[in-house]
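Q: how would this look folded up:
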Amino acid sequence: MRRHLSRQHGAGEDGGLRLNMRAAAGPASAAALFPDRAIEEESMATSTRRAARFVRPEGEKQSAAQFGSFRAADEKAAGTYAENPIVRPMILSHGTLGVIDLAESKKFYTEFLGLDCVRHQERGMNVRVGGYWGVVCLEIGEGVQATKIYHHWGLDVSTPEEVDAAYEAALKYQDKYGIRRINKPQQMHNDGDYAFKLQDRDGNWWEIQYIVEPMKYDKRFARGDVIPT
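A: Prediction:
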């Protein structure tokens, strides 16, 4: 699941680049999120906004049936959702990620990637940016197995220049954060997207990318299947 993030620059430790990404709060206009690429408001049925409706201000979760009613009309028309599934989830809440040492990983996540981290138990930490959905990091120790490059976590930034700046920062702070591998930025996905990937000290891959088409992941659900199944 991707989120559409605003970007703010701030100085990290040692004056380094800090990727301080935050989601726009509330039902912001497209012009506010992407002032140079304004798009129609109707296309902004984002996952974050649906999640905000899922959790009421007082914290009471709504039922699966109620949450389902918030799905965008164009997504329903596209036939994206099953009408009577066996499991009726309210929301995709989290994924899991193994790390060697939570304290060291937290430094990288907060100081370099700009993620929000909460240590909720001795060997567990919640990580998120831009909305309700997040990652649960589990401290496994040296038994952590490195992942393949196609099993990665994507962080979206606002411009190609920010991708380049993040790449240069990764090279500069590679030893400090124990970054194992850094791939050069390149055009991706045959649609003009621009990104690079790095493998962190735990063997997990991260992709820092600029997406040409705003909200493209949500738009895919609005369009429905384009490949026959």
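Q: which stretches of the chain form helices?
A: In the chain, the helices defined using DSSP state H lie at 30-33, 47-54, 64-68, 73-77, 102-107, 160-172, 174-177, 216-223.
Q: for the first one, give the mean pLDDT please.
A: Looking back up the chat, that one is helix 30-33. Looking at helix 30-33 alone, the average pLDDT works out to 40.
Q: I'd like to know how many residues surround the residue lying closest to S105 once chain neighbours are set aside.
A: Counting by Cβ to Cβ, 6 or more residues apart in numbering, V99 is the residue found nearest to S105 once chain neighbours are left out, at 4.3 Å. Heads up, the C-betas are built off the backbone N, CA and C, glycines and all. As a burial measure, the neighbour count of V99 was computed by other Cβ atoms under 10 Å and equals 25.
Q: please apply the same query to Q209.
A: Quick note: Q209 (other Cβ under 10 Å) scores 22 neighbours.
Q: and the pLDDT at it?
A: 96.
Q: dump the residue contacts of the residue nearest to S105.
A: Taking Cβ atoms under 8 Å, 6 or more residues apart in numbering as the criterion, V99 is in contact with 105, 137-140, 144, 202, 204.
Q: identify the bridge partners of it.
A: With DSSP bridges as the criterion, V99 is bridged to E139.
Q: any idea how far it lies from Y177?
A: Using Cβ to Cβ, to the nearest Å, one obtains 13 Å as the distance from V99 to Y177.
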